[in-house]
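Q: I need the structure of the sequence given here:
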Amino acid sequence: MKHKHLLESVRWQKLRWFVFKRDEGKCAICGSPGSDTHHWTYQWGFFNPVAVSLVCRQCHQIWQGESPDHLADDHDLKPNLIRISEIARALGRKCR
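A: Presented below is the predicted three-dimensional model:
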């Protein structure tokens, strides 16, 4: 099954709703209202809720090469997220 079809499936929509409720509607990275679901890994399966977190759009864009400028400089994860955005850009990922 193609990725787009997985995202359109009833099973994914149920998982997405579960993750939204589990994460109390907040981004797992910055605490802002969450809007997107992010897979931390696909190793454990596409529909495994352990591998998915709710994130805001700005945090989700980091994996597309966007810098995490919306986070405070003293945010614990900022150095790692800067590196992730640099790697994404080096791989040719484009911000949406």
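Q: CA only for contacts and neighbour counts going forward, please
A: Will do.
Q: And the helices in the chain?
A: All helices of the chain, identified by DSSP state H, fall at 3-8, 10-22, 57-60, 78-90.
Q: Arrange these in CSV, one row each, with distance to Ala51 and mean pLDDT as further columns.
A: Formatted as CSV, these follow (distance: least, Cα to Cα, whole Å; pLDDT from 0 to 100):
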stretch, distance to Ala51, mean pLDDT
helix 3-8, 15, 82
helix 10-22, 10, 95
helix 57-60, 15, 94
helix 78-90, 18, 93
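Q: do you know which of those helices lies nearest Ser35?
A: helix 57-60 (6.2 Å; Cα to Cα).
Q: buried sites along the closest one?
A: Going by neighbour count (16 or more other Cα atoms under 10 Å), the buried part of helix 57-60 is 58-60.
Q: In contact with His60: list those residues for me.
A: 36, 38 (Cα atoms under 8 Å, 6 or more residues apart in numbering).
Q: How much space separates it from His70?
A: 12 Å (Cα to Cα, to the nearest Å).
Q: so which of the buried residues of helix 57-60 comes closest to Gln13?
A: Of those, the one sitting nearest to Gln13 (Cα to Cα) turns out to be His60, at 18.2 Å.
Q: and the gap between the nearest residue to Trp40 once chain neighbours are set aside and His60?
A: Nearest residue to Trp40, sequence neighbours excluded (Cα to Cα, 6 or more residues apart in numbering): Ala51, at 5.4 Å. Distance from Ala51 to His60, counting by Cα to Cα: 15 Å.
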